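# I'd like to go over a predicted model; first the sequence, then the structure.
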Amino acid sequence: MKKILAILSFLVFTAGHLFAQDAIKDTGGAEFNFNTSRIYDFGPLQKYSKATRNFEFKNTGSQPLIIKAMHSQPNDVQGPEYTIKIKYPEKPVKPGKKGVISITINTLEVAGSFKNEIYVTSNVTIDDFPLLLIGGAVVPAINKPDEAYKPLTSGGAAVGAFLLNNIKK
């Protein structure tokens, strides 16, 4: 539960700090202008599941926008196991045209919360510019309807654990 609160705090802080604006301008003429928020919380994801989020943007500049590379930071050693697949326009996005960056999370065995910055190198940004921020939590899947929940703690923490362990997508 502390990890989830920590990630939510981080997302709120980062929202105000790194991502205060949705437009990223270059003096050379290309410009990222996001139609969707650059921050996304996947929420609870069951183990061994997949979720995708599309980030839509428009080149509102005067020159073609060229994305040279995108990558994510390495997973936290103490966090859950997951992989990230990033799809982005490989051809230049002409002025006035839209593009989509697609982020897919594949969760694995270990549960816990995660946060990850997606970096871009383009003709709009400096190398490894933190363009997107994603977060969420990997939760155990309950496969059997008759599987009983056994609280490990009492009071409100048990309710929180129950909700996390019983959320289904």
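Thanks, I have it. Numbers count the residues shown, from 1 in each chain.
# where in the chain is pLDDT low?
The chain contains residues with pLDDT under 70 at 1-23, 25-28, 75, 77, 142-169.
# Please enumerate the helices of it.
For the chain, the helices defined by DSSP state H occupy 2-17, 156-166.
# all strands for this structure, in order.
Assigned by DSSP state E, the chain shows strands spanning 23-25, 31-34, 39-46, 50-59, 67-72, 82-87, 98-107, 112-122, 129-139.
# Please work out which of those is packed deepest.
strand 129-139 (a mean of 22; mean count of other Cβ atoms under 10 Å). In short, each C-beta sits where N, CA and C put it, glycine included.
# for that strand, packing partners?
Packed against strand 129-139 by the contact rule (3 or more Cβ pairs under 8 Å, 6 or more residues apart in numbering; DSSP states H and E) you find helix 2-17, strand 39-46, strand 50-59, strand 98-107, strand 112-122, helix 156-166.
# Distance of residue 98 relative to residue 36?
Applying Cβ to Cβ, to the nearest Å, the value for residue 98 to residue 36 is 11 Å.
# Residues that sit against both of these two, list them.
56, 57 (Cβ atoms under 8 Å, 6 or more residues apart in numbering).
# what sits against the residue lying closest to residue 76 once chain neighbours are set aside?
Of all residues not flanking residue 76 in the chain, residue 114 sits nearest, at 6.7 Å (Cβ to Cβ, 6 or more residues apart in numbering). Residues near residue 114 by Cβ under 8 Å, 6+ apart: 7, 75, 76, 79, 80, 82, 135, 136, 137, 138.
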